[in-house]
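# generate coordinates for the sequence data below:
(one chain, ligands or ions: 2)
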Amino acid sequence: MRLLNKLLIIIFVSLPVLVLADSFKTSEAYPEGQLGKMIRLGEEVMSKTDTHDMTKDLVGNRLQCKSCHLPGKDGKPGTFPSLGTFIGTAAAFPAYSSREKTVQTLQDRINNCFMRSMNGKRPIIDTEVSIAMAAYITWLSEGTPIKMDAKRPVNPKYSEFWVKNAKKFAKLQKKATHLNYLNGQKLYIQKCSVCHGKEGAGLSHFPPLWGEKNGHWLSYNTGAGMSKLHKAPVWIQKNMPLGQGGTLNDRQVADIALYINAQPRANFDLQNRLQDRNEMGYYNSKIQSEKHSVRSNFQDFGLNVDEIRGDKLIP
Ligand code: HEC
Ligand code: HEC
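Residues are numbered from 1 along each chain as shown. Ligands and ions are numbered 1, 2, ... in the order given. Purely as a prediction, here's the structure:
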């Protein structure tokens, strides 16, 4: 009995200390003055990107940055300690990007997620909202030693991880057939549709994965990393089903990504997206023409989307 009492006392005394220690780690104080305000603005925008006054006109879907850069326990976008985290990201910039064949700043990189993952337009570099988002990511990266990346503009912790795993999935996807599509569909219904909906349109605060509603696209376009058959499984395997990252094997996650990315989503035509230069600002890229569709994303792996789906519904 005395032993039990002692144990109980120890637990009650240490519990608040543990809880406090945790909150100290995750919610460091914002810097004072204007800088702190900008960081907070960046954080807010990344949590409400499609509805926030400063960004809603730049977004062409129903996603937020936090839809893929997941919030951690503190609820802040990009603090979940996994692939997609913003903690340490700023330390990789300026970084080379082979997609644009130029060295990019953090603002550039953020803006490219607007044009692709958010199916929208690039905010103009050095406008308040662009600086605010870069400030937020830089704040989350404080203390990470600068290590500019000469190969790709990604979080330093996951730079090699992306390449290694994308290569692995590319091999698997090249051999995909209609049977893999059917398996992906079955798994999607079992493991994903409770939150993302049977039609991929999302449910309440669970984000959409594909399709359109009232003439508006709901999710990322065909130029986004997530639309690529070898990249989506890397992210999904680490992060989904929500709270159960790491539970799906390579085959399962490759087939689910095949299924999701064989559904309708917006085409990407760089020329179109850059048409209004005044609105868009300077675009830092040596590649000035780039086009993607669901069909071409499958062709990139030697696959015919009609054969994979078993119909001719993709235009
Ligand atoms: C549909 C998912 C998705 C959404 C939404 C999204 N991103 Fe990303 N983002 C990615 C993926 C995937 C990568 C890395 C892989 C790549 O480069 O193709 C990435 C990379 C980045 C990077 C480079 C550093 C890193 O972590 O690898 C930054 C910075 C970034 N995104 C910012 C943003 C911001 C800001 C928003 C909101 C405006 C946003 N992203 C919205 C999927 C998304
Ligand atoms: C318990 C609910 C839940 C389940 C189950 C779930 N997800 Fe998610 N998923 C989320 C939430 C929530 C987010 C966005 C995170 C945020 O906004 O906080 C998300 C984000 C995503 C995204 C990026 C954003 C977008 O809409 O494109 C993809 C891709 C995704 N999930 C795929 C899957 C796949 C594939 C499965 C099944 C293997 C799955 N999810 C299962 C809740 C879920």
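
# look up the closest residue to the residue in the stretch 151-300 of the chain that ligand 1 sits nearest to, ignoring the ones flanking it.
Sorted by distance to ligand 1 under Cβ to the nearest ligand atom, the residues of the stretch 151-300 of the chain start with G225, at 2.5 Å. In this view, the C-beta of every residue, glycine as well, is placed from N, C-alpha and C. Counting by Cβ to Cβ, 6 or more residues apart in numbering, K231 is the residue found nearest to G225 once chain neighbours are left out, at 4.7 Å.

# any idea of the pLDDT on the one you found?
Looking at K231, its pLDDT stands at 98.

# phi, psi for it please.
Per-residue torsions, K231: phi -90, psi -40 (degrees, to the nearest 10).

# who touches it in this structure?
Contact partners of K231, counting by Cβ atoms under 8 Å, 6 or more residues apart in numbering, are W162, A166, F169, G225.

# of those - the most surrounded one?
Within these, most neighbours by other Cβ atoms under 10 Å means F169, with 23 neighbours.

# what count of nearby residues applies to the closest residue in space to K56 that isn't next to it in sequence?
Distances taken as Cβ to Cβ, 6+ apart place D50 nearest to K56, at 6.2 Å, with adjacent residues excluded. When neighbours are counted by other Cβ under 10 Å, D50 registers 19.

# so where's the stretch 201-315 of the chain uncertain?
Counting by pLDDT under 70, the stretch 201-315 of the chain has low-confidence residues at 276-279.

# spell out which parts of it neighbour ligand 1.
Residues of the stretch 201-315 of the chain that fall close to ligand 1, judged by Cβ under 6 Å from any ligand atom: Y220, A224, G225, M226, K231, W235.

# how's the chain carved up into domains?
31-153, 158-309 (automatic domain parsing).

# kindly reformat the residues of the stretch 201-315 of the chain next to ligand 1 as JSON lines containing distance to R99.
Listed next are these as JSON lines, based on distance: Cβ to Cβ, whole Å:
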{"residue": "Y220", "distance to R99": "15"}
{"residue": "A224", "distance to R99": "11"}
{"residue": "G225", "distance to R99": "9"}
{"residue": "M226", "distance to R99": "14"}
{"residue": "K231", "distance to R99": "12"}
{"residue": "W235", "distance to R99": "17"}
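
# adding secondary structure, write the residues you listed out as TSV.
Putting those into TSV (DSSP: H, G, I helix; E, B strand; the rest coil) gives the following:
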residue	secondary structure
Y220	coil
A224	coil
G225	helix
M226	helix
K231	coil
W235	helix
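
# that older thread, check contacts around the residue nearest to K56.
K56, V59, N61, R62, L63, Q64, M118.

# next step: those residues restricted to strands.
Within the contacts of D50, no residue falls in strands by DSSP state E.

# within reach of ligand 1, which of the residues you listed are there?
Answer for the contacts of D50 near ligand 1 (Cβ under 6 Å from any ligand atom): L63, M118.

# distance to V129, pLDDT and neighbour count added to the contacts of D50, as JSON lines?
Below are these laid out as JSON lines (distance: Cβ to Cβ, whole Å; pLDDT from 0 to 100; neighbours: other Cβ atoms under 10 Å):
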{"residue": "K56", "distance to V129": "11", "pLDDT": "96", "neighbour count": "12"}
{"residue": "V59", "distance to V129": "12", "pLDDT": "95", "neighbour count": "20"}
{"residue": "N61", "distance to V129": "18", "pLDDT": "98", "neighbour count": "24"}
{"residue": "R62", "distance to V129": "19", "pLDDT": "98", "neighbour count": "20"}
{"residue": "L63", "distance to V129": "16", "pLDDT": "98", "neighbour count": "25"}
{"residue": "Q64", "distance to V129": "14", "pLDDT": "98", "neighbour count": "23"}
{"residue": "M118", "distance to V129": "13", "pLDDT": "97", "neighbour count": "28"}
